[in-house]
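J.: Quick one: sequence plus predicted model below, questions after.
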Amino acid sequence: MEQEGAAGRHLPVLLQRCVELLAPALATPGSVLVDCTLGLGGHAEGVLEQVPTAVVIGIDRDPQALRLASERLARFEGRFVPVPAVYDEIGDVVREHNAGGLVQGVLMDLGVSSLQLDETERGFAYAHDAPLDMRMNQTSGQTAADVLNTYEERELTRILREYGEERFAAKIARSIVRRRVERPWARTAELVDLVRACIPAATRKEGGNPAKRTFQALRIEVNDELGALERAVPAAIECLSVGGRIVVESYQSLEDRIVKRTIQRGTQSSAPSGLPIEPETHKPYLIALTRGAEKADEIELTKNPRSASVRLRAAERTRPTPAHLRRGTA
């Protein structure tokens, strides 16, 4: 694909706000930003264009995304480094590709990318019939069809309830297991039809396509998205130098809760309540740069409908993480 084609397929969410938040930490020549979810490179391009002092390390598990983003960013020779990895491997990536050991910025734009949504054969979009794949890296790992065809009913129910927040999880899981006895699951349209049949007609009138929660749950399970995020956000903070900044865009409540909890842990004192003086080792090591989670305004929503569910949180490192918190002990 030509560079213009890749750029035309990807309108990054809240691009200017992300650049605005990251730029102060990247003002020194040679400052490094790790874009943990490179995708088609829209956010990385914005930073490289507007912050000429910055170098970007771009991480993505999707080989196609890495190739297309590298083509798009080829003009920034020497300032962009693509790395095939999952973002919870950020510590290893930084140690391998950054001689300074710490970086000045981290960006995470979570969830499914424009590339994955638009490539109908990837199976992420419930609006198009396709193989039940949903892997962000199609070279390895189990597919959504594997999950549907092998997981026990109880485990399917748990996934749909926890990851999809699906009210009718048990009924859908029971129907999935019953249907696979007749023939294995293979196509997305078949799953959409089954989910629609499991959800009462009155409920189907609200909230868009009734299959969206099931598809979300399967995507999260196939790619271990929440597990990777639980590991990635603390690891990313540990990669930041003092004065470094982290910006995270989430698109569903499960992701946002993980991000919120991790940032709050750093912005609050870890000292027991009631102490007359706060020990130095228990003082916060982050300061929040946003008041809660920021949402897209009307201008952004008009320009980019995919920004409708975004929740943006950002923080700046003020000091190293106390040793007792790095070890995870009280």
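T.: Noted; the coordinates are in hand.
J.: pretty sure Y163 is touching V222, no?
T.: No. Using C-beta atoms under 8 Å as the test, Y163 is too far from V222 to be in contact (10.3 Å). All C-beta spots, glycine's among them, are computed from the backbone N, C-alpha and C.
J.: Where does pLDDT dip in the stretch 101-250 of the chain?
T.: The model of the stretch 101-250 of the chain has pLDDT under 70 over residues 112-123, 205-207.
J.: Strands of that one, residue ranges please.
T.: Taking DSSP state E, counting those that start in this stretch as the test, the strands found in the stretch 101-250 of the chain are 103-109, 240-250.
J.: List the strands paired with the first one, with their directions.
T.: Put plainly, it is strand 103-109. Sheet pairing for strand 103-109, assigned by DSSP bridges, gives strand 31-35 (parallel), strand 240-250 (parallel).
J.: for the next helix or strand after the longest one, which positions count as buried?
T.: Helices and strands here follow DSSP states H and E; after strand 240-250, the next one along the chain is helix 253-267. If you call a residue buried by 16 or more other C-beta atoms under 10 Å, then helix 253-267 has these buried ones: 254-256, 258-260, 262-263, 265-266.
J.: and what of stretch 218-227?
T.: By neighbour count with 16+ other C-beta under 10 Å, stretch 218-227 contains the buried residues 218-223, 225-226.
J.: Using a markdown table, lay out those residues together with distance to G105.
T.: Converted to a markdown table, those look like this (distance: C-beta to C-beta, whole Å):
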| residue | distance to G105 |
| --- | --- |
| L218 | 32 |
| R219 | 27 |
| I220 | 26 |
| E221 | 30 |
| V222 | 29 |
| N223 | 24 |
| E225 | 22 |
| L226 | 24 |
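J.: so of the residues you listed, which ones are in helices?
T.: Within these, membership in helices is found for 218-223, 225-226, as judged by DSSP state H.
J.: which among those residues gets closest to E249?
T.: The shortest separation between E249 and any of these is 14.0 Å, and it belongs to E225 (by C-beta to C-beta).
J.: ok, the closest one to L240 distance?
T.: Between E225 and L240 the distance is 22 Å, computed by C-beta to C-beta, to the nearest Å.
J.: do I90 as well
T.: 10 Å.
J.: any shared contact partners between those two?
T.: Common neighbours of I90 and L240 (criterion: C-beta atoms under 8 Å, 6 or more residues apart in numbering): V106.
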